[in-house]
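Participant: Model the structure of this input:
(3 chains)
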Amino acid sequence: MKFFNDLADFSAAEIDELITLARRLDTNPEPRALEGKVLSLLFLSPSLRTLISFQSAMAKLGGSTFVISPEMSIHGLESRSGIVMDGVAAEHVREAVPVIASYGNAIGIRAFAKRESLDDDLADREFRELVSLVETPYINMESAINHPCQSLADWKTMDDLGIPGNGGKFVLSWTWHPRPMPFAVPAATVHMAAMRGMDVTVLRPEGFELPDVIMDKARQAAAMSGGSITETDDRNSAMQDCEVLYVNSWASPHHYGDRRAEEQIKPELHDWCVDEPWFENANCDSRFMHCLPVRRGVTVTDRILDSSRSVVIAEARNRMLVQMALLHQMLSGS
Amino acid sequence: MKFFNDLADFSAAEIDELITLARRLDTNPEPRALEGKVLSLLFLSPSLRTLISFQSAMAKLGGSTFVISPEMSIHGLESRSGIVMDGVAAEHVREAVPVIASYGNAIGIRAFAKRESLDDDLADREFRELVSLVETPYINMESAINHPCQSLADWKTMDDLGIPGNGGKFVLSWTWHPRPMPFAVPAATVHMAAMRGMDVTVLRPEGFELPDVIMDKARQAAAMSGGSITETDDRNSAMQDCEVLYVNSWASPHHYGDRRAEEQIKPELHDWCVDEPWFENANCDSRFMHCLPVRRGVTVTDRILDSSRSVVIAEARNRMLVQMALLHQMLSGS
Amino acid sequence: MKFFNDLADFSAAEIDELITLARRLDTNPEPRALEGKVLSLLFLSPSLRTLISFQSAMAKLGGSTFVISPEMSIHGLESRSGIVMDGVAAEHVREAVPVIASYGNAIGIRAFAKRESLDDDLADREFRELVSLVETPYINMESAINHPCQSLADWKTMDDLGIPGNGGKFVLSWTWHPRPMPFAVPAATVHMAAMRGMDVTVLRPEGFELPDVIMDKARQAAAMSGGSITETDDRNSAMQDCEVLYVNSWASPHHYGDRRAEEQIKPELHDWCVDEPWFENANCDSRFMHCLPVRRGVTVTDRILDSSRSVVIAEARNRMLVQMALLHQMLSGS
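Facilitator: Predicted coordinates for the structure are as follows:
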C-alpha cells in the first residue's frame, strides 16, 4: 500500500481484509513486525486521539514514530508559493515536508480545512499539495475533506457489533455546535456508510445541506454497493428503524468561512442535541456513534453517552487497531 | 500487579521484592521484556522527572510510551459532571480517559491537588474518579495526596546507602517556599519512612502541622513496622542523631487554598532553608534528601546540595529503576 | 566514542569511517543494534530537524529517545551560580542536567549562543559548563560555536556527490537575514571544508568578518589537510570555479549582542540573496548547500532552491544517517 487517503481508493474486499488483519493483530500481537520502521507524524492541525492512536499502533508492532505538531516551534511554517519570507516564518513546507518525510518509512499528515475557499477545501487542495512533496507512502490523518482512518474504524465498529451492511439503516445527523465545523468527518462518513451498502439518510436542518460533490460521491458508492442515499430535515422520518445514528456538526456551505454570517442563522438550532426521544421510532438497540471529541450537553446528552447505545469508546479503540492493520500492510517486509 | 497507588497497599516484603528487581534490571538489562507493550502517560499536571523517567523505564525494557500533557491542546478537558459543555472545553474526561487508557497496556496518571477543598484532596477524590474510568492497570504518578513512585525510589535510595530501617532516625522537615505547596510528597514520605520502621520526626513551624489523616496513616504504619512518629517545631531536638533529613514544603492546612492568607503568616519563615548548621547534632554522615525540583538558596543552600550529604541525584535515578521494576511486574508476560 | 563535540577531535580517517558506517546502515538496516538503549535529548534552544533526525536515528537502530525541550515546562531552568532561586525558575541545571543524563545511555545537548559576551560564546562556555555536569557520552546538537553533526552530514553529502576534497573549491558565503544569526554553523562549516582539504573562500560584506579564533582554527585544519583559506568581499572572484556554495548568515562581530547597532549597518545588504547570476563563473554543476531552515526570497531565490543545484534535502537526510553512525559507534555493545 503506497497511500491511504480515501476509502474510495479501495474495494470493499480490500477493506474487509484490513479489518480482518486489525482483528488478528488485536488478538495475536506481532511486536516485531515493524522493528526499525519509523512513521513520521506531521500535524498541521491539533490532535489527541489521532496522535496517540498512531503512536500506540506503531509501538505495538515494534516500530516508532516522531511528531511534528503545531505546539512545536513551527507555527511560522510558510506554505504560500513565491513568497519573500521576511516575516515570522523561518521555513517553507517545500523544505520542511520532504525533510520530515525523509526521516521515516511513511508519513501521516493532518491538515484541517483552511476555510478560505469552499472549492479549495472540497478539492482537498492543501493536502494534495503537501503529499506531492512526499516520496514515501503516506496516510491521511484528516484533511479538509476526508478522514479515512476514522471511517475505517467506524466500519470495523459496525462489523464488530453485527450491524448489517446491505439493508442496515444509517442516519448521519447534523448536531448543534457553537462553532462552524469542517466537512471532513461527515463527507468521509456518508461515503463510508454508502460504500458499506447501507441505506443512508443525511439528517440536517435547512441551510446545512452537504455540498453536492460530497453527496454525489456517496451516491456513486451507494450505486456500486446496493445502498442508498437520502437527505431530509425531518427527524421523525429519518430515525424510523434507524440502526445507527452517527452525529457530527458541520458548517453551512452557504456561509463557508464566514463565521459571523453562520452564527446569525444558528441560534434556533440548539434542539439539535441528541437525546433519548430521538430514538423513539428507531430500532430498539440502535447505536449512537461519534468520532470524538464530543461536547456533552451540547451535541448529545449525558444519558445517551453513558448508555449502552453509545459505542464511542469502541470506535476510538478501533482507530488504533485499523491503523495497526494499515501500517502492517504498508510497512512490513518493506 | 493491577495498580500502584499507595505503598500502604503492599507489604514490606513486596516492596523489598520490587527493590531487588530494580537492582537486577539495572545490572542485568532486559531490553525485550516489554516488547510491544505500551504505557499511556496522562499528565493533568506538569512534570519533568516523572515524564522522562517513565519514558526511559519503558524504553529500557523494550516497551514504549505515549504522552498526554497539559502543554498539548487539552487544556480545556472538562471534568465536572452534568455540565453543558458550551465553553472552551471540547472533551470530557469521561471520554478522554477511557480512550487514552484503551491505547495502552497500562496507564500512569498525574493529577495534582486542586486546592479547592482540603477534604477532597486528602481523600484523593480527583485521582480516584479518574482511575474509576480506567480498565487497565494504573500507576499513581503523583496525586493530591500521594507520590508512591517517589517513595519507593526514596526507600531504595536509603537501602542503597545502608541506612537502617528499624532504629534509623528520619527527619521530614518543612522548608521555606514562596508558594503554598501540596501535601502529596510529605504525606507519602512520612508514611514510607514509618513503614520502613524508622523513627520519624516531622519538623515544621507552628501552623504547618500535617493534617491528622496523614499523621494517623503514618502512625498506623509505624505501629506495624516497629517505627515511631513524633512532631515538633524544635529544630535542635529534631536533628539530634538524625541520619536522613528529607525536606519539602507544604501548605498550611489552616489556610488551604487561600494563598493570600497563607502568605500573611509566611514572611517570618525564611530561615527554614537547610544549611550546614542544621546538621550540628546530626549523625556525622547524615544525608540530605529531596524529591526535586529544589530551589537553591531558598529551600537549601548550595553548599549542602553540592556536598556529599546530598543524595538527590541518586533519588532521581532510582525513580527510573523502581519504575522499571513496577512496569516489569505489571506488564511482563501479560 | 565518549563524546562528539567537534570534528577537530577526529582524524580525517575516523570521519571517513563514520561516513562509511552511515552508508552501511542506510542500505543494511540494524534494527536491533541499540535495543534497550536510550538517548536523552536536551534542547535548551528550539529545533525541528535535529530533534526528529535524532529520534529517527535511534528508532531505526532499535533504541529510544526522550526529549526535554523549551516548549516544556522548564522555561525557568536556572543556570547562574550562587543564585537565590526565589523567582520563576524552580530548578537549577546543576540538578536537572545530571538527572536527565542519568536516565539515558548518552545525551545530546543543544544550547545556542547567549549573545551576551562574544568571548564566552567563542569559548563555548555554556555548552562546556553543561557537559561538565554529565557522566555519560554526549553529543553537541549545536552550541554557541559548533554544529558538528551538521558538518559531518555536509561532508558526507559532498562525498556522495563526488565533490573532491583536495582541489575542490568551496565558498562559504554570508547572506542576508533580518536578524543577527549565531556563528555556530559558519564556524563549523569553514573548519569542516578546510579539514576536508578544500580550497575555502569566506565571502562576506565588510563588517561581517568571521572572528579570528574561528578563522585560525580553520587555517590550522587547512594546513594539516593541504587545503587553503581565503576571505573576501568580492563575489565575482570568490565564485570563480566554485564547486560548492554554502550559505548562511551570521552576526557582525563588531556589534555582537547589540541587535539595534547591527541593524543600522544591514539595510544595504539585501542583495546578498543567492540567485542564478552568482553562479555565472562557477563550475557548471556547482551545488548550493544550506543547513536549513532557509528563508525563500531572503537568503536564496526559489529558482535556486527548486533547481538541481540545491542539495539541501540530501544534507538534511544525511543528518539522520551520520547520527545513526555516531550513535552506533557510541552505544552499540556498550
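Participant: who's in contact with the residue of the stretch 101-250 of chain A found nearest chain B?
Facilitator: Proximity of the stretch 101-250 of chain A to chain B (CB to the nearest CB) peaks at A:P178, 5.8 Å away. Yep, even glycine has a C-beta here, placed from its N, CA and C like the rest. For A:P178, the contacting residues are A:295, A:298, B:86, by CB atoms under 8 Å, 6 or more residues apart in numbering or on different chains.
Participant: at 6 Å instead, please
Facilitator: Taking CB atoms under 6 Å, 6 or more residues apart in numbering or on different chains, we find A:P178 in contact with B:D86.
Participant: how much space between it and B:P98?
Facilitator: 25 Å (CB to CB, to the nearest Å).
Participant: from the middle of its chain, how far away would stretch A:208-223 be?
Facilitator: 16 Å (CA atoms, centre = their mean, to the nearest Å).
Participant: go on, stretch A:190-205?
Facilitator: 14 Å.
Participant: do the same with stretch A:239-258
Facilitator: Offset of stretch A:239-258 from its chain centre (CA atoms, centre = their mean): 14 Å.
Participant: Any idea how far apart the tips of that stretch sit?
Facilitator: One end of stretch A:239-258 to the other measures 31 Å (CA to CA, to the nearest Å).
Participant: got the buried residues for it?
Facilitator: Neighbour-count burial for stretch A:239-258, counted by 16 or more other CB atoms under 10 Å in any protein chain shown, picks out A:239, A:242-253, A:255-256.
Participant: can you list the residues that contact it?
Facilitator: Outside of stretch A:239-258, the residues within contact range by CB under 6 Å, 6+ apart are A:115-116, A:118, A:163, A:168-173, A:175, A:177, A:180-181, A:183, A:185-186, A:189, A:207-208, A:211, A:261-262, A:274, A:278, A:281-283, A:286-290.
Participant: ok, longest helix in chain A?
Facilitator: What stands out as the longest helix in chain A, according to DSSP state H, is helix A:312-331.
Participant: That one vs chain C: in contact?
Facilitator: No - against chain C, helix A:312-331 shows no contacts by CB under 6 Å from any CB of the partner chain, the least distance being 12.0 Å.
Participant: elements contacting that helix?
Facilitator: helix A:12-27, helix A:49-60, helix A:148-160, helix B:93-102 (3 or more CB pairs under 6 Å, 6 or more residues apart in numbering or on different chains; DSSP states H and E).
Participant: ok, and which of the ones you listed has the densest surroundings?
Facilitator: Most buried of those, by mean neighbour count (mean count of other CB atoms under 10 Å in any protein chain shown): helix A:49-60, with a mean of 26.
Participant: And the contacts of that helix?
Facilitator: Counting by CB under 6 Å, 6+ apart, A:39, A:41, A:65, A:108, A:141, A:316, A:319-320, A:323-324, A:327, B:36, B:38, B:64, B:66, B:103 sit against helix A:49-60.
Participant: Just the CA coordinates for that helix, please, in PDB.
Facilitator: Backbone C-alpha positions of helix A:49-60 (Å, rounded to 0.1, in the frame of the first residue of the first chain) are rendered in PDB as follows:
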ATOM      1  CA  ARG A  49      -6.800  10.600  19.600                       C
ATOM      2  CA  THR A  50      -5.100  10.500  16.200                       C
ATOM      3  CA  LEU A  51      -1.700  11.300  17.600                       C
ATOM      4  CA  ILE A  52      -1.700   8.700  20.400                       C
ATOM      5  CA  SER A  53      -3.500   6.000  18.400                       C
ATOM      6  CA  PHE A  54      -0.800   6.200  15.700                       C
ATOM      7  CA  GLN A  55       1.900   6.300  18.300                       C
ATOM      8  CA  SER A  56       0.500   3.300  20.000                       C
ATOM      9  CA  ALA A  57      -0.200   1.400  16.700                       C
ATOM     10  CA  MET A  58       3.400   1.700  15.600                       C
ATOM     11  CA  ALA A  59       4.700   0.800  19.100                       C
ATOM     12  CA  LYS A  60       2.600  -2.300  19.400                       C
END
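Participant: What's the end-to-end length of stretch A:35-47?
Facilitator: 25 Å.
Participant: List the buried residues in that stretch.
Facilitator: Using 16+ other CB under 10 Å as the burial criterion, the residues of stretch A:35-47 that qualify are A:35-47.
Participant: for stretch A:130-146, same thing?
Facilitator: Applying 16+ other CB under 10 Å to stretch A:130-146 flags A:130-131, A:133-134, A:136-146 as buried.
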